[in-house]
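Novice: got a sequence here, can you build the structure:
(chains A and B)
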Amino acid sequence: NAGVTQTPKFRILKIGQSMTLQCTQDMNHNYMYWYRQDPGMGLKLIYYSVGAGITDKGEVPNGYNVSRSTTEDFPLRLELAAPSQTSVYFCASSKGESYNSPLHFGNGTRLTVT
Amino acid sequence: QKEVEQNSGPLSVPEGAIASLNCTYSDRGSQSFFWYRQYSGKSPELIMFIYSNGDKEDGRFTAQLNKASQYVSLLIRDSQPSDSATYLCAVNGSNFNKFYFGSGTKLNVKP
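Specialist: Have a look, this model is predicted:
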């Protein structure tokens, strides 16, 4: 199993550009998450999904959009990139449905907006 | 008020010593508590989790939970330089869909 796979690993965007961060998992997990991590900080939840067709906002959703058309994929869309979106983005998944299901993380996407 | 709080450190311990990492949380309905290790430039990796009051041991690691005090800790025995990393505490809230993370404690184990 590859686990959680994120692409790209690195990206530089100009202000105002858009891009999609890809995330796919092969563990048949129902729950998927997008977090961002700023330097020296913890993880902030952007969006999450408890199944195909269901998404919900986290703590910091502004400037982002998501969709979940399949169990495996959970892309994160950035529209009109801003310097404040410079961060490391982690996708994660969980079996869910119980309190004992930990998060499994992808390797992250390092995004710089200049 | 932050959901999950950790001392940012750095916490420095000599090789072979016990490292003690602490975490407090605000949601009394929280059910599960997770410790992740994150090396610089890498993604978080799960060390262990706990959901019952008391201690849970896994090799050199012991997680301790006190729900009445809303406190969870991680002890690392016989600390090694390879344990040097940032340790993130995560709490699964009363709505178990969401995981809240502390800002992490940086641990330095000196040879």
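Novice: please count neighbours and contacts with C-alpha atoms only from this point.
Specialist: OK.
Novice: other residues contacting the stretch of helix or strand B:Ser20 belongs to?
Specialist: Under DSSP states H and E, the secondary-structure element containing B:Ser20 is strand B:19-25. Judged by Cα atoms under 8 Å, 6 or more residues apart in numbering or on different chains, the contacts made with strand B:19-25 from elsewhere in the structure are B:2-7, B:13, B:70-77, B:79, B:87, B:89, B:91, B:102, B:105.
Novice: what do you get for stretch B:29-49?
Specialist: For stretch B:29-49, the external contacting residues (Cα under 8 Å, 6+ apart) are A:90, A:99-100, A:102-108, B:50-51, B:58, B:63, B:72, B:74, B:84-94, B:96.
Novice: which residues touch B:Asn66?
Specialist: B:Asn53, B:Gly54, B:Val72.
Novice: I'd like the distance between A:Arg68 and chain B.
Specialist: Using Cα to the nearest Cα, to the nearest Å, one obtains 16 Å as the distance from A:Arg68 to chain B.
Novice: correction: the previous question concerned A:Ala92.
Specialist: To chain B, A:Ala92 is 10 Å away according to Cα to the nearest Cα.
Novice: quick revisit: for the strand holding B:Ser20, what is the average pLDDT?
Specialist: Per-residue pLDDT values over strand B:19-25 give a mean of 96.
Novice: show me how far it is from its chain's centre.
Specialist: In terms of Cα atoms, centre = their mean, to the nearest Å, the gap separating the centre of strand B:19-25 from the centre of its chain is 6 Å.
Novice: given whichever helix or strand comes after it, what are its sheet partners and their directions?
Specialist: Past strand B:19-25, heading to the C-terminal end, the next element that is a helix or strand (DSSP H and E) is strand B:32-38. Strand B:32-38 has its sheet partners listed here by DSSP bridges as strand B:45-50 (antiparallel), strand B:85-92 (antiparallel).
Novice: buried residues in whatever helix or strand comes next after the shortest one, which are they?
Specialist: Proceeding C-terminally, strand B:45-50 gives way to strand B:54-58 as the next helix or strand, assigned by DSSP H and E. Under the neighbour-count criterion of 16 or more other Cα atoms under 10 Å in any protein chain shown, strand B:54-58 has B:Lys56 buried.
Novice: next: stretch A:52-59.
Specialist: Across stretch A:52-59, burial judged by 16+ other Cα under 10 Å covers A:Ala52, A:Thr55, A:Lys57, A:Gly58.
Novice: the residue most central in space within chain A: what's it in contact with?
Specialist: Computing the C-alpha centroid of chain A and ranking residues by Cα atoms, centre = their mean puts A:Trp34 first, at 2.8 Å. Taking Cα under 8 Å, 6+ apart as the criterion, A:Trp34 is in contact with A:Leu45, A:Ile46, A:Tyr47, A:Tyr48, A:Leu76, A:Tyr89, A:Phe90, A:Cys91, A:Ala92.
Novice: and it, how close does it get to chain B?
Specialist: Distance of A:Trp34 to chain B, computed by Cα to the nearest Cα: 11 Å.
Novice: below-threshold pLDDT in chain B: ranges please.
Specialist: For chain B, applying pLDDT under 70 flags the ranges B:1-2, B:94-96.
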